[in-house]
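*Asks:* sequence plus predicted model, see below.
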Amino acid sequence: MNRFSLEAVDIGKAYQEGSGDALHVLSDINLHLHHGETVAIIGSSGSGKTTLLNILGGLDEATSGRVLLNGDDIASHSEKTRCTIRNRHLGFIYQFHHLLPEFTTLENAAMPLLIAGMKPEAASQKAEAILGEVGLSQRLHHKPGELSGGERQRCAIARALIHNPDCVLADEPTGNLDRKNAEQAIELIIQLNQSYKTALVIVTHDLQIAERMNRIYTLEDGVLTAQ
């Protein structure tokens, strides 16, 4: 097994604005996560946190530097292969759940497995098991519109972890929840992180959540600094 689950090496990101100077959003970002390690990234709005997370997840390309997942350079692959890498090795949790409204809780949670080609019966069994872990055993056949906000986010958490990813990337995962549901959601994320030994990068404005991670970084003016 590679020493690190996820590595960002000298990541830079710049956007060209017309004929003027390039706008540098990220500068020489370096970040290394061991398997099972948790990291929080905090910073003001517009500091580049989501951009960094998208680059770490292979959803956006860096202008310079490399992102390595288990030692493999994500950007060196075709878009089709990057999609496969994301599906098999990464989990994503967002502020909004992004559940598919026409599918049930069970079907939404099983989606990464179905996309990866797992047989529906096996995918449903695994989805039922992890939904039980997040307290949704009684809501398997409900659609997102029939769930509370906290329940929808718990389903999204289950979906992100169902395929035992090497790393989960969470972008303000509790930002759309009240304090009680936010605390329940982060507790679930931490419990599942420990159970599945997946690395976790969480972008958050909530210092209480950040302080529960192994390490905290601040991103300001495109520069990542350890606290």
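*Replies:* Sure, I can see it. Residues are numbered from 1 along each chain as shown.

*Asks:* can you give me the helices in the chain?
*Replies:* Per DSSP state H, the chain carries helices over the ranges 49-56, 79-89, 105-115, 120-133, 149-161, 179-196, 207-210.

*Asks:* where does the protein have low pLDDT?
*Replies:* Counting by pLDDT under 70, the chain contains low-confidence ranges at 1-3, 18-20.

*Asks:* before we move on, the earlier item: closest one to residue 219 among the helices of the chain?
*Replies:* The closest of the helices of the chain to residue 219 is helix 49-56. By CB to CB, the value is 5.4 Å. To be clear about C-beta, it is placed using only N, CA and C from the backbone, and glycine gets the same treatment.

*Asks:* show me what that closest one packs onto, helices and strands only.
*Replies:* strand 4-16, strand 22-34, strand 38-42, strand 167-171, strand 199-203 (3 or more CB pairs under 8 Å, 6 or more residues apart in numbering; DSSP states H and E).

*Asks:* could I get those strands as a markdown table with distance to residue 117 and mean neighbour count?
*Replies:* Listed next are the helices and strands packed on helix 49-56 as a markdown table, based on distance: least, CB to CB, whole Å; neighbours: other CB atoms under 10 Å:
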| stretch | distance to residue 117 | mean neighbour count |
| --- | --- | --- |
| strand 4-16 | 24 | 18 |
| strand 22-34 | 28 | 17 |
| strand 38-42 | 30 | 22 |
| strand 167-171 | 21 | 24 |
| strand 199-203 | 25 | 26 |
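
*Asks:* need these in TSV (columns: distance to residue 220).
*Replies:* As requested, the helices and strands packed on helix 49-56 are exported to TSV (distance: least, CB to CB, whole Å):
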stretch	distance to residue 220
strand 4-16	15
strand 22-34	11
strand 38-42	9
strand 167-171	18
strand 199-203	13
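
*Asks:* right, and the ones you listed - which one's nearest residue 227?
*Replies:* Ranking the helices and strands packed on helix 49-56 by proximity to residue 227 (CB to CB) places strand 38-42 first, at 8.3 Å.

*Asks:* sheet-wise, list the partners of the closest one with their directions.
*Replies:* Strand 38-42 has these partner strands in its sheet, going by DSSP bridges: strand 199-203 (parallel), strand 215-220 (parallel).

*Asks:* any idea which residue sits dead centre in this structure?
*Replies:* Nearest to the geometric centre of the chain sits residue 169, at 1.9 Å (CA atoms, centre = their mean).

*Asks:* hang on, the earlier thing: quick one, which of the strands paired with strand 38-42 is nearest to residue 17?
*Replies:* Residue 17 lies closest, by CB to CB, to one member of the strands paired with strand 38-42: strand 215-220, at 21.0 Å.
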